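Participant: Got a sequence here, can you build the structure:
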Amino acid sequence: MTMTGIPICARPASDRLAAQGAAMNARGDNYHVLEFPDGLRLEGDYDMRRYLRHYPIPGDLTGMTALDIGTAGGFFALEMARRGATVTAIDIWPWVSLQIIAEECQYPVTYIQKSVYALDSSFGQFDVVVCGSLILHLPDPFGVIRAISSVCKGTAIVATACPPDSPDDPRPVCEFIADAASDGEYWSYWTVGAEALRRMFMAAGFARTSPPSHFHLRTEETR
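Facilitator: As a prediction, the model looks like this:
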């Protein structure tokens, strides 16, 4: 399926960004698809524009602060900056490319190499916190939710793998998978049912939760 929509950046790609994009595409190491207005396309495993309707990010984030946890290729960090937020993005990997892209787009995005488990209130308080497809790779899912709670003063948006019957199962079920990646760099530990995730948020101190949105996250066919 061909995806059309608003590019991640309104500025045409500079020579620096074009060179960076060509190098990233040659290595094949970008996580997110990112497109720019003059035809530059950074290939990636996931084109998250297909799934944005499942992430209730406010359309106008002017004057707000946002935190992108497990930013990977930086799609959500850049998207929230495009909507007007001042963004902090964290991950355990050295995503140097995200800072370069943000600078070229003149977006207020700061990347910090940091584990979600190291977050606490001293890191800051954010109006919007996004954590996409990370919990399944971490051994302590409730610890992640508690860490998110410690830095969120507004809305938290979390996506994770869930059991196939999650939309219809009222039980607070988590399934331990313990599936190692072929390269040995990470594990897939958990699937978390919607009711279990809701209860984790409430136990972590959030005032309320919204109904979940279930969708199938698929890799790009070209990768």
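
Participant: pLDDT on stretch 66-76, on average?
Facilitator: For stretch 66-76, mean pLDDT rounds to 96.

Participant: so how far does it reach from one end to the other?
Facilitator: The straight-line separation of the ends of stretch 66-76 (CA to CA, to the nearest Å) is 10 Å.

Participant: swap in stretch 105-112?
Facilitator: Stretch 105-112 has an end-to-end distance of 18 Å (criterion: CA to CA).

Participant: The chain should start at 51 in everything you say after this.
Facilitator: Sure, I'll start counting at 51 from here, so that last one is stretch 155-162.

Participant: which parts of it are buried?
Facilitator: With burial defined by 16 or more other CB atoms under 10 Å, the residues of stretch 155-162 counted as buried are 155, 157, 159, 161. For every residue, glycine as well, the C-beta is placed using N, CA and C.

Participant: how much space is there between the residue nearest in space to the middle of the chain and residue 137?
Facilitator: Closest residue to the average C-alpha location of the chain: residue 182 at 3.7 Å, with CA atoms, centre = their mean. The gap separating residue 182 from residue 137 is 14 Å, by CB to CB, to the nearest Å.

Participant: Check residue 174 too.
Facilitator: Taking CB to CB, one finds residue 174 at 12 Å from residue 137.

Participant: Equivalent analysis for residue 189, please.
Facilitator: Applying CB to CB, the value for residue 189 to residue 137 is 27 Å.

Participant: Tell me which of these two has more neighbours.
Facilitator: residue 137 (30 against 12; other CB atoms under 10 Å).

Participant: Specify the beta-bridge partners of the more buried one.
Facilitator: According to DSSP bridges, the partner residues bridging residue 137 are residue 116, residue 159.

Participant: quick one: it and residue 159 touch, right?
Facilitator: Yes - using CB atoms under 8 Å, residue 137 is in contact with residue 159, at 4.6 Å.

Participant: Now for those two: what residues contact both?
Facilitator: The contact sets of residue 137 and residue 159 overlap at 127-128, 131 (CB atoms under 8 Å, 6 or more residues apart in numbering).

Participant: Output the below-cut-off pLDDT ranges for the chain.
Facilitator: Applying pLDDT under 70 to the chain flags the ranges 51-55, 234-235, 272-273.

Participant: Apply 90 and report the result again.
Facilitator: Residue ranges of the chain with pLDDT under 90: 51-57, 60-65, 67-68, 70-71, 73-74, 77-81, 87-90, 143-147, 228-237, 269-273.

Participant: now what about the lengthiest helix in the chain, what contacts it?
Facilitator: When the chain is parsed with DSSP state H, its longest helix is helix 65-77. Applying CB under 8 Å, 6+ apart, the contact partners of helix 65-77 are 63, 80, 86, 90-93, 147, 150-151, 154.

Participant: Quick check: helices, which of these are part of them?
Facilitator: Residues from these lying in helices, with DSSP H as the criterion: 147, 150-151, 154.

Participant: neighbour-wise, which of those leads?
Facilitator: Of the ones in helices among the contacts of helix 65-77, residue 151 is surrounded by the most neighbours, 27 neighbours in total, counting by other CB under 10 Å.
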